[in-house]
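>>> Need a 3D model of the sequence below.
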Amino acid sequence: MPSPGSQQITAQSPGRATNVTPSGLELLREARERERQGPLAAAIECYQQAIAVAERSGAPAVLSEGLRRLAVLHQQRDESTLAQELCERSYRVAREGTNHALAAEALNTLGGIHLTRGSLPEARGVFLQALDLGASCRELRARVTQNLGILANIQGHLDEALAQYQQSLQAYREAGDRHGCAIAYHNLGMVSADRGLLDEAGYYFHRSRTLARREGDVYLQALALVSQAEVDVARQRYENARQQAEEALVLFDSLGTPGAKADPYRVLGMVFRDTGRPALAESRFRSACELAVSSGSVLSEAETSRELALLYQSQGRNQEALRLLNAAYGLFRRLDARVDLIDVGGKVAELEGAYRAVVREWGQSIESSDGSTFGHCERVARLAVALARSLELDEQEETCVLLGAYLHDLGKVRVPHEILYKPGPLTPEERTVVQQHPQWGVELLATVEFPWDIKSVIRWHHEHYDGSGYPDRLRGEEIPLAAQIVGIAEVYDALTTARSYHARLSDQQALAVITRVKQWWSPRIVDAFQRSLSPGAAPA
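Predicted structure coming up:
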């Protein structure tokens, strides 16, 4: 779905401002009409005229409302710093004039600005302040309630978001506010899509777009088109999705809001990727990323980075895919550091799934040319995760173990084939070459950063607790726990798998060997490994 800024933050129309001079009211209404029809430059000029009239005539209500509406337009043009300054000034003017209703309106809009910038705690605080200040105004309550629903939607509290949206829609209907209903329908579509109810989402987006067209709100029409296009991608109705995304681009162009074009470009990239046109897909994704960066839309940039990474994964461009996944991971984390942001956590979980898929495929591709080692990384990963669970490691540590296991032998791609697959014992010189694979693995990932310390697993999984390992002769607790876990799992799998230079050992024989060389790992690692292989604990 589009970023939080693409959900419609609700605000009062200029026609509801109170205690304004006729000329000021006329200017505000004219500006609002221009705003809905586009382009925004004409509306901005009209709002500036209304503000100038209000300043000359001493009309604080006109001034406050004009500043607030102007803030909304600058926010749509991705000028969030200016938008926040204008909105804060609107609030001060309203408070000085003791107009609590307009002060609450300014706070509601300010909360929307915080929301689009990913400042979720600030947004919630401002929305609640607006609700308290404007409690006597039913329509304001409807708008703030809807915005709190958007916040809940972003945080993944879907039941709460649905309830807020439904209450808001009912309030708009009772007030006869068709434009408010259009916004509410759009947000109901968003939460329905997040709940996987695609038919309901499509219905709500259609209703939103129909009402937005009747009310002349071009921006909302475009948002509804992008949202419907995403639903159609999920349904594999690619031609419909393409047409809707391209129509949205035309509408955003007519409004002069380039930043808003990031989401339709992202949808087009998904369409072209999923229909086998990778060059077009990459082009659209890159356009989306550039627009998201220029407009400061963190969520849009993160989601586009993830989609482009999936394209690279499908092309076997694993390093590029991992770089983008890491970028997306960092961007999602930037949205808010609190662990209770369920939806951000959910998006991070999706990214971790993508990480695992890319890393797993890469690990399998490394060993695919040799039937005797095929499946080695997968088996080591299962053994290592079982051991991590026996040690009661947390989720982050377990993920590090899993991904490190998949890529632990990455550096072997640089080992000459005749050495790597030699049927007999290696010479000392050949063994020296093979023992460079941990460093080579880290070198291959020099331009890739991970949210987990995977590189230490790759470099040190052959280190021994007694200092007899390689490549750095680490000793004892100098060796990271995850590296020890992958190291013992690899030795066990090598022993229990038939190779060109040795026969397969039974599980009991392999454990006997592990016991003989138990000084290679921490005593608690060896004990936990034996427990992890006990009946009922063995990996599937």
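>>> State the distance from the closest residue to E30 other than its chain neighbours to L28.
Across the structure, with Cβ to Cβ, 6 or more residues apart in numbering as the measure, the residue nearest E30 apart from its sequence neighbours is C46 (5.5 Å). Placement of C-beta: from N, CA and C, glycine included. If you measure C46 against L28 using Cβ to Cβ, to the nearest Å, the figure is 8 Å.
>>> Have a look at these two and say which one is more surrounded.
For C46 versus L28, the count of surrounding residues by other Cβ atoms under 10 Å is larger for L28: 28 against 22.
>>> and V62, what element?
V62 is part of helix 60-76 when elements are defined by DSSP states H and E.
>>> Who are the packing partners of that helix?
Other elements packing on helix 60-76 under the criterion 3 or more Cβ pairs under 8 Å, 6 or more residues apart in numbering; DSSP states H and E are helix 22-37, helix 40-57, helix 80-96, helix 100-116.
>>> which residues are contacting the longest one?
What that stands for is helix 40-57. Under the contact criterion Cβ atoms under 8 Å, 6 or more residues apart in numbering, helix 40-57 has outside partners 21, 23-24, 27-28, 30-32, 34-35, 59-60, 62-63, 66-67, 69-70, 73-74, 76-77, 255-257.
>>> Just the buried ones among those residues, please.
A residue is treated as buried here by neighbour count (16 or more other Cβ atoms under 10 Å); on that basis the buried members of these are 24, 27-28, 30-32, 34-35, 59-60, 62-63, 66-67, 69-70, 73-74, 76-77, 255-257.
>>> Need the mean per-residue confidence for the helix or strand containing I150.
For I150, the host element (DSSP H and E) is helix 138-154. Model confidence over helix 138-154 averages 83 on the pLDDT scale.
>>> buried residues in it?
Of the residues in helix 138-154, 139-154 count as buried by neighbour count, 16+ other Cβ under 10 Å.
>>> quick one: which of those residues is nearest to T210?
Looking at the buried residues of helix 138-154 and their distance to T210, the nearest is Q146, at 18.8 Å (Cβ to Cβ).
>>> Report the secondary structure state of the closest residue in space to that closest one that isn't next to it in sequence.
If the residues on either side of it in the chain are set aside, Q146 comes closest to S168, at 3.8 Å by Cβ to Cβ, 6+ apart. The three-state label for S168, taken from DSSP: H, G, I helix; E, B strand; the rest coil, comes out as helix.
>>> how close does S168 get to R235?
When Cβ to Cβ is applied, the distance between S168 and R235 equals 27 Å.
>>> Looking at these two now, which is surrounded by more residues?
Set side by side, S168 and R235 show more neighbours around S168, with 27 against 13, by other Cβ under 10 Å.
>>> How about the contacts made by the more buried one?
So, once contact is read as Cβ under 8 Å, 6+ apart, S168 ends up touching T10, A142, R143, T145, Q146, G149, G180, A184, N187.
>>> Next, format the residues you listed as TSV and append distance to R459.
Shown next, in TSV, are the contacts of S168 (distance: Cβ to Cβ, whole Å):
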residue	distance to R459
T10	53
A142	58
R143	55
T145	54
Q146	52
G149	48
G180	59
A184	55
N187	49
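>>> Show me which of those residues is closest to A103.
For those, the closest approach to A103 (Cβ to Cβ) belongs to R143, at 14.1 Å.
>>> Check the gap between the closest one and E85 for me.
For R143, the distance to E85 (Cβ to Cβ) stands at 22 Å.
>>> So V380 is in contact with L403, correct?
No - distance between V380 and L403: 11.8 Å, which falls outside the contact criterion (Cβ atoms under 8 Å).
>>> sorry, back to before: so which two of the contacts of S168 are the farthest from each other?
Among those, the pair separated by the greatest distance (Cβ to Cβ) is G149 and G180, which sit 12.9 Å apart.
>>> Would you check that E490 makes contact with K412?
No - E490 is not in contact with K412 according to Cβ under 8 Å; the separation is 11.9 Å.
>>> Counting by contacts, list what whichever strand or helix holds E239 packs against.
Assessed by DSSP H and E, E239 sits inside helix 238-255. Under the contact definition 3+ Cβ pairs under 8 Å, 6+ apart, helix 238-255 sits against helix 218-234, helix 262-274.
>>> by how many degrees do the helix holding V62 and helix 22-37 diverge?
For helix 60-76 and helix 22-37, the angle between their directions (axes from the mean of the first three to the mean of the last three Cα atoms, to 10 degrees) works out to 20 degrees.
>>> Offset the numbering so it begins at 764, please.
In the new count, where the first residue is 764, that last one comes out as helix 823-839.
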